[in-house]
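*Asks:* sequence and predicted structure are below.
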Amino acid sequence: MLHVPGLEGNGGRPCSCVVIVDASLVPGLHHGAAVIISIGIGISISIGIGIVISNALTDCRLIIPGGRGEGEEEGQSKCAKTRAKPFFYYALFLQCAVRIRIRIALGMLLARSVPRIAPVFRSRAKTQPLAPTRMSSNAATAPALYRPESEVLLASTFGSQPIWKARLEERGLTVRLPGEDVSKVELGIVFNHPHGVLDDVPGLKAVQSLGAGVDFMMEDPGLKGRGVPLLRIVDPLMAERMATFCVWATMNYQRKCDDYFRAQMESRWDKSVENYKNVDNRELRVGVMGLGLMGGQVARTLAGLGYEVSAWKRLPPSSGDSSSDLARVRVYHGEEEFLTFASNAQVVINLLPLTTETRGILNARLFNAMPRGGAVMNLARGAHLVANDLLEALASGQLEHAVLDVFVKEPLPPTCPFWLHPKVRVFPHMSSVTDIPNGIDQIIRNRELVLKGAPLPLGVVAEPGRGY
Ligand code: GLV
């Protein structure tokens, strides 16, 4: 065996092949040197090149069973080029043989795990076309406010409204609340605002949502036909938050974590919950409804974890979405493919915008088309769901689980049966909250572009024709 210190594998990783070339054959290299190239093919491909000059060969230990030089352990200076050469080739043969055998075993091991690990690596390159980051958001270092005399009206049902107000004021804005003087207001900043509050703003130039959704603006009769642009927050960080939530919700259902929690509450050591029959990621079919910034990221993330992910969007492929980089996601389109999509999804995650066409889309027709025992997650808007249909599907066992983060009436009234339902998880509209620093930066930027009459970034302006 030939041991060359420092060249065992590539940085300690195993090699598939070691090639030793007599450097006297390579022009320009020291006569009597050996070039050792080791190539390993594993999770990554690595190439190590080492040059062993003849002196270094004194460190070689040549032990060739039954061959010339046996017993020449610690080759010392005798390990000179001429004497060592035949040993090198013999040693090379042994090295290759031994290592190739090892790699075949390793390769087989890898091949078996490839379906699980490959998607993660493959998806990484395409993940997050926009990186989720925190923007500047520092009032002290932010550039001076453009036209500070132009005021904003803030009207939302967000519990965080006082924080938004304070942060906007820190940036130099004059913030009006409903009922105050709005004569100098040019931008409305809203979320689930009481309809009518913008009606009396004479100089209104645009309305900005505090979140990703704009449905409540589309529904405001006072804004219909007014011709002002409706703007949303477009933040990859929100998409990442949503994807993280969906990973939890999917795994919680997949691994029956609620059943384990129930057992825990009864101090019960219950190994029968999954009964040693884990549903693995590649076995779970997850269907994502909606392929906007949120839906796209959710589909990409789950596919990256090895789930069998499909998606459904209402409009045909030409309408522009994030599906082009969803290589591992089967995308269904339109009403004609809706039930096929449903029949292939054990878990349905709804991230559609709320429009006339999508209102009530989570209903008995969808639930009945899904494989029995499935789960539904509504993370978009309460009005997507027909609540009674869900309760019936849960009662009949057609559905086993639901995660609800959004409701027609928020906060959810204490009398709602979802609160205490053993198969339902209720969340207070928090699966992906707007990041306030990023939101403030976007609002300040959008306000300035609107006031200057400049174009707004892609995706920020809602299209009234589409309803989102
Ligand atoms: C939350 O629901 C949002 O629209 O951002």
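*Replies:* Received the coordinates, thanks. These numbers come from a predicted model, not from an experiment. Residues are numbered from 1 along each chain as shown.

*Asks:* please make it C-alpha for all contacts and neighbour counts, starting now.
*Replies:* Will do.

*Asks:* what's the spacing between residue 200 and the ligand?
*Replies:* Residue 200 sits 25 Å away from the ligand, going by CA to the nearest ligand atom, to the nearest Å.

*Asks:* find the nearest non-adjacent residue to that residue, please.
*Replies:* residue 182 (7.7 Å; CA to CA, 6 or more residues apart in numbering).

*Asks:* my guess is the one you found contacts residue 153. True?
*Replies:* Yes: between residue 182 and residue 153 there is a contact under CA atoms under 8 Å: 7.1 Å.

*Asks:* re the thing from before, the residue nearest to residue 200: what's it in contact with?
*Replies:* The neighbourhood of residue 182, defined by CA atoms under 8 Å, 6 or more residues apart in numbering, consists of 151, 153, 176, 200-202.

*Asks:* before we move on, the earlier item: could you pull out the residues contacting both of residue 182 and residue 153?
*Replies:* By CA under 8 Å, 6+ apart, the residues touching both residue 182 and residue 153 are residue 176.

*Asks:* mind listing the helices for the stretch 251-400 of the chain?
*Replies:* Taking DSSP state H, counting those that start in this stretch, the helices of the stretch 251-400 of the chain run over residues 257-265, 293-304, 338-343, 364-369, 387-396.

*Asks:* ok, which of those comes nearest residue 378?
*Replies:* helix 387-396 (10.9 Å; CA to CA).

*Asks:* what's that closest one packed up against?
*Replies:* Other elements packing on helix 387-396 under the criterion 3 or more CA pairs under 8 Å, 6 or more residues apart in numbering; DSSP states H and E are helix 364-369, strand 399-404.

*Asks:* TSV for these, including mean neighbour count?
*Replies:* Below are the helices and strands packed on helix 387-396 laid out as TSV (neighbours: other CA atoms under 10 Å):
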stretch	mean neighbour count
helix 364-369	18
strand 399-404	22
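
*Asks:* could these go into a markdown table alongside mean pLDDT?
*Replies:* Output for these, formatted as a markdown table (pLDDT from 0 to 100):
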| stretch | mean pLDDT |
| --- | --- |
| helix 364-369 | 98 |
| strand 399-404 | 99 |
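
*Asks:* make JSON lines from the ones you listed and add distance to the ligand to it.
*Replies:* Shown next, in JSON lines, are those (distance: least, CA to the nearest ligand atom, whole Å):
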{"stretch": "helix 364-369", "distance to the ligand": "23"}
{"stretch": "strand 399-404", "distance to the ligand": "12"}
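
*Asks:* still on that earlier bit, need phi/psi at the residue nearest to residue 200.
*Replies:* With angles defined as degrees, to the nearest 10, residue 182 sits at phi -110, psi 20.

*Asks:* do the same with residue 170
*Replies:* The phi/psi pair for residue 170 (degrees, to the nearest 10) reads phi -60, psi -30.

*Asks:* pull the contacting residues for it.
*Replies:* Applying CA under 8 Å, 6+ apart, the residues near residue 170 are residue 139.

*Asks:* and the residue nearest to residue 200, how far is that from residue 199?
*Replies:* Distance of residue 182 to residue 199, computed by CA to CA, to the nearest Å: 10 Å.

*Asks:* pLDDT of stretch 224-244, averaged?
*Replies:* The pLDDT scores in stretch 224-244 average 97.

*Asks:* go on, stretch 185-196?
*Replies:* Stretch 185-196 comes out at a mean pLDDT of 96.

*Asks:* between the two ends of that stretch, how far is it?
*Replies:* Stretch 185-196 end-to-end distance (CA to CA) = 15 Å.

*Asks:* in it, what's buried?
*Replies:* 185-193 (16 or more other CA atoms under 10 Å).

*Asks:* show the contacting residues for residue 156.
*Replies:* 189-194.

*Asks:* possible to save the residues you listed as a markdown table with secondary structure and distance to the ligand?
*Replies:* A markdown table is the format used below for the contacts of residue 156 (DSSP: H, G, I helix; E, B strand; the rest coil; distance: CA to the nearest ligand atom, whole Å):
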| residue | secondary structure | distance to the ligand |
| --- | --- | --- |
| 189 | strand | 13 |
| 190 | strand | 11 |
| 191 | strand | 8 |
| 192 | coil | 9 |
| 193 | coil | 13 |
| 194 | coil | 16 |
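
*Asks:* count the residues that sit near residue 178.
*Replies:* Each residue near residue 178 was counted by other CA atoms under 10 Å, and the total is 15.

*Asks:* and it, how far from the ligand?
*Replies:* In terms of CA to the nearest ligand atom, residue 178 sits 21 Å off from the ligand.

*Asks:* and that residue, how far is that from residue 448?
*Replies:* Counting by CA to CA, the gap from residue 178 to residue 448 is 22 Å.

*Asks:* and if you look at residue 235?
*Replies:* With CA to CA as the criterion, residue 235 and residue 448 are 18 Å apart.

*Asks:* just residue 438 next, same as before
*Replies:* Residue 438 is 16 Å from residue 448, by CA to CA.

*Asks:* what sits against residue 255?
*Replies:* Applying CA under 8 Å, 6+ apart to residue 255 gives the contacts 274, 278-279.

*Asks:* and those, which is closest to residue 431?
*Replies:* Of all the contacts of residue 255, residue 431 sits closest to residue 279, with 24.4 Å by CA to CA.

*Asks:* and for the residue lying closest to the closest one once chain neighbours are set aside, the neighbour number?
*Replies:* Leaving aside its chain neighbours, residue 279 sits nearest to residue 254 (6.4 Å; criterion: CA to CA, 6+ apart). By other CA under 10 Å, the residues close to residue 254 number 20.

*Asks:* so how far is the ligand from residue 254?
*Replies:* Taking CA to the nearest ligand atom, one finds residue 254 at 25 Å from the ligand.
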